[in-house]
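In: Need a 3D model of the following:
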Amino acid sequence: MPDPINAGNTYISSLSAVGSITGFETPILVRIAAITGLCRWNTIAYQDGTAMADGDEPFEPPFRVPNFGRNAFSRVLSFIQCTETASVLLPYTPVNFLGEQLRFAWGLPITRALKADIAACAPRNNVCLADVASKNGYDPFTVGQIVAKDIFDRFVNGSGWNDLGEMRYSEDLDKAVPCTANCAPFTDTTGFKTQNGPFNNKIKTVGNSWPPKKIEVKKEEKFWQPITENDGKGFFQESSHVVPHIGFKAQVKLRQNIPSASDPNYDYTKEVPLVVERLQNLSRSVDQQRDVQYFDNKLAVRFLFQRSIYVQFNISYETQIFLDHVIDIAENDAIISVWKNKIKYNLVRPTTIIKHLGEFEFDSYSGDRSNPGPVRIKAPDFSSYVRVMPHAEYPSASACLCTAYKEGADKFTVEEFGGLGGPLVSQLCSQPGNPFCSIPGDIIVANMAELEQRCSQSRLNGGMHFTAAVNGGREVCTGLGDLAYDHVKNKLVKGSSTFERENGYYSTQDRPQCPTGPPGSGLQPPSNGKPNDTPKLQPSTNKDSNSKTSLEQKDNTIYVLAATAGLLGVIVILLTAILIRKRKITKKNNITLLKTSRRDSPGNSIAHDASLPVSPRMMRNGHSQPGGSIGGDASILACAATLSHAATLSYPARNTATLTMYYAAAET
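Out: The predicted model follows:
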């Protein structure tokens, strides 16, 4: 397995890639990111002496892993296990087939289903969870499963999101009631209805040429209407409003009262021609087109600034998760806050109005990205540049989210490192076959202020919003980033030394060493090795310019592979080749890379570092033992399990010539 920073970030990239191609609506992606983020944060908190865990509110972990397990290697293993188990507990989450290939290549014995002894613990039964952890020697995979169950019990089960569809709205009783069968995740529990279904009437206008002298939108026509979508195969549908209940039922963490955006009081006679004009301009500008495509995916937006900050400030594994959790919390409260305002105003999208203006002609986007125009079209044939999401127009969720991102990231870098982050760079759009952008080119922004501005403006340029929606989103979400940082720093970190710069894990550090057991325990070094024979991570002096690698390049590769998800066999081959092939690892821009290779052992055995003790879990999976019988102190065994699986292992019945034990971050 790579070092914890590379392993954690590569695994997160696999989740993001699969999430991006699966087609979740933005609020659901935010929800999945929040649960994944809790896995990352809480696997630190449980394996720390001071930090608080997080859920519906901060809480003392049911147990604290002993000192031997308080390291980044153990934490990243627990995080991957937690995420895999959470995906079983929450069946709406996508199968992370890319992550499966990573786990297979890394030799991680992940059991996705919840173990019986953990499942038997009642919700929030700290005594039971602590007992299970202790009996299993605080094995990191057991800890990861316990964290996943605790997240489910505290943050998911019975939450206002209605994750599992356990509640539904009863028209007869005019309230939410339990679902008895065929329950659908995220079912509305408030009884939201469109004011009048998809309408086919023509909106009244004055004037026969474009733009009309007056566009008279009646009161009932101002309400959000489902937009007809089709699959290109003859199937047409009108979608219901996405999760209309969360603004009223889901829990926010940072503010008691959600602010209201100012009434936009749209003058549609002015606003509608502006939308058409923006699409004309966009069809001539490849930069605007690329921005609309890229900023439409909030996972890609987070990738842009979070990975850039990691590199600029050279932050530790633990501090990366500090930043990530600030953004997770700000994002969670932002989406709930903006959704409450969307339902309050319940305003129609530009596309709906323009399609019902009659046979007006104007120049606009063609609908074909390979030849965007502008071309002469009629109003009923109008289309925005990207899909119009099935939720109300005002205020803009993107402007809200990117405001929260900007504030949270800036607060973090100023408070923790004394300055603002930037420039921010993503090369995702430059990768052939990527699922984000059809127009090649790097996304480069000077700082978070520019990121917020371009993210917000892209929603106007793409034709998805009227002008006031951007400022409305900013109005609702201003302050959330600052509050999220304060929440994590003051209520969760709580003075933990783990997050101090000198105490965190960096890619060039040695692995921690396990204590040794008594003679005959199987935890002593074999006769042909010494306790100090574990390879030390030393800077490489290899200057081969063709052997350069980087964290972003590896992450980009994960995203690119996801674009060919339909060809799973190709993805498996490519991903395995990337992860397993022998790497020459070099030093570039003062970032140290390491090179350590081992040969596969014969037959079906597993190649491992002979100086490392082998855990009972490895023995159960048919792995060879260096010598002696399994026994000794449980904490030593658990430490052995952590470090054995943190080394790169070959897998059975493979003929790969070499495997790289370590490769460290090289970020440019």
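
In: what about this structure, any weak spots by pLDDT?
Out: 196-199, 511-668 (pLDDT under 70).

In: mind listing the strands for it?
Out: Assigned by DSSP state E, the chain shows strands spanning 167-170, 175-178, 204-206, 214-216, 228-230, 236-238, 361-364, 375-378, 424-426, 443-445, 597-599, 658-660.

In: Is it possible to get TSV of the ones you listed that adds distance to residue 277 and mean neighbour count?
Out: (C-beta placed from N, C-alpha, C; glycine too.) Converted to TSV, the strands of the chain look like this (distance: least, C-beta to C-beta, whole Å; neighbours: other C-beta atoms under 10 Å):
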stretch	distance to residue 277	mean neighbour count
strand 167-170	41	17
strand 175-178	44	13
strand 204-206	17	16
strand 214-216	14	15
strand 228-230	25	11
strand 236-238	28	11
strand 361-364	9	19
strand 375-378	14	14
strand 424-426	29	21
strand 443-445	25	20
strand 597-599	59	15
strand 658-660	54	19
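
In: Distance to residue 461 added to those strands, as JSON lines?
Out: Shown next, in JSON lines, are the strands of the chain (distance: least, C-beta to C-beta, whole Å):
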{"stretch": "strand 167-170", "distance to residue 461": "37"}
{"stretch": "strand 175-178", "distance to residue 461": "39"}
{"stretch": "strand 204-206", "distance to residue 461": "25"}
{"stretch": "strand 214-216", "distance to residue 461": "21"}
{"stretch": "strand 228-230", "distance to residue 461": "22"}
{"stretch": "strand 236-238", "distance to residue 461": "26"}
{"stretch": "strand 361-364", "distance to residue 461": "13"}
{"stretch": "strand 375-378", "distance to residue 461": "18"}
{"stretch": "strand 424-426", "distance to residue 461": "19"}
{"stretch": "strand 443-445", "distance to residue 461": "15"}
{"stretch": "strand 597-599", "distance to residue 461": "49"}
{"stretch": "strand 658-660", "distance to residue 461": "44"}
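
In: closest to residue 20 out of those?
Out: Of all the strands of the chain, it is strand 424-426 that lies closest to residue 20, at 13.2 Å by C-beta to C-beta.

In: Give me the helices and strands touching the closest one, please.
Out: On a contact count with 3 or more C-beta pairs under 8 Å, 6 or more residues apart in numbering; DSSP states H and E, strand 424-426 meets helix 298-313, strand 443-445.

In: mind checking which of the strands of the chain is nearest residue 23?
Out: Nearest to residue 23 among these is strand 228-230; the distance by C-beta to C-beta comes to 12.0 Å.

In: Now residue 141: closest residue in space, sequence neighbours ignored.
Out: Distances taken as C-beta to C-beta, 6 or more residues apart in numbering place residue 81 nearest to residue 141, at 4.7 Å, with adjacent residues excluded.

In: my bad, residue 380
Out: Leaving aside its sequence neighbours, residue 380 sits nearest to residue 355 (C-beta to C-beta, 6+ apart; 5.2 Å).

In: ok, now which ones touch that neighbour?
Out: Counting by C-beta atoms under 8 Å, 6 or more residues apart in numbering, residue 355 touches 379, 380, 382.

In: Next up, the contacts around the residue nearest to residue 48 when sequence neighbours are not counted.
Out: Nearest residue to residue 48, sequence neighbours excluded (C-beta to C-beta, 6+ apart): residue 498, at 5.2 Å. Under the criterion of C-beta under 8 Å, 6+ apart, the neighbours of residue 498 are 44, 48, 50, 51, 70, 318, 504.

In: Please list only the buried members of the residues you listed.
Out: The neighbour count (16 or more other C-beta atoms under 10 Å) marks 44, 48, 51, 70, 318, 504 as buried among those.

In: ok, now which ones touch the last one?
Out: To tie it back to what came earlier, the one meant is residue 504. Here residue 504 is in contact with 72, 315, 316, 317, 318, 319, 498 (criterion: C-beta under 8 Å, 6+ apart).

In: what about the residue nearest to it when sequence neighbours are not counted, neighbour count?
Out: Nearest residue to residue 504 in three dimensions, chain neighbours excluded: residue 316, at 2.4 Å (C-beta to C-beta, 6+ apart). Neighbours of residue 316 under the rule other C-beta atoms under 10 Å: 24.

In: how close does residue 316 sit to residue 323?
Out: Relative to residue 323, residue 316 is positioned 11 Å away (C-beta to C-beta, to the nearest Å).

In: quick one: contacts for the spatially closest residue to residue 339 that is not a sequence neighbour?
Out: Of all residues not flanking residue 339 in the chain, residue 247 sits nearest, at 4.0 Å (C-beta to C-beta, 6+ apart). Contacts for residue 247 (C-beta under 8 Å, 6+ apart) come out as 258, 336, 337, 338, 339, 340, 341, 342, 343, 344.

In: Count the neighbours of the nearest residue to the last one once chain neighbours are set aside for me.
Out: Right, the one you point to is residue 344. Computed as C-beta to C-beta, 6+ apart, the closest residue to residue 344 that is not its neighbour in sequence is residue 260, at 6.7 Å. By other C-beta under 10 Å, the residues close to residue 260 number 15.

In: isn't residue 260 right up against residue 341?
Out: Yes: using C-beta atoms under 8 Å, residue 260 is in contact with residue 341, at 6.3 Å.

In: which neighbours do these two share?
Out: residue 476.

In: From the chain's centroid, how far away is the lengthiest helix in the chain?
Out: Counting residues, the longest helix found in the chain (DSSP state H) is helix 317-345. Relative to its chain's centre, helix 317-345 lies at 12 Å (C-alpha atoms, centre = their mean, to the nearest Å).

In: now it against helix 298-313, angle please.
Out: Helix 317-345 and helix 298-313 are oriented at 150 degrees to each other (axes from the mean of the first three to the mean of the last three C-alpha atoms, to 10 degrees).

In: hmm, back to that, right, so the helices and strands packed on strand 424-426: which one is the most enclosed?
Out: Ranked by mean neighbour count, these are led by helix 298-313 with a mean of 22 (mean count of other C-beta atoms under 10 Å).

In: For residue 119, which non-adjacent residue is spatially closest?
Out: Take residue 119 and drop its neighbours on the chain: the residue closest to it by C-beta to C-beta, 6+ apart is residue 149, 7.3 Å away.
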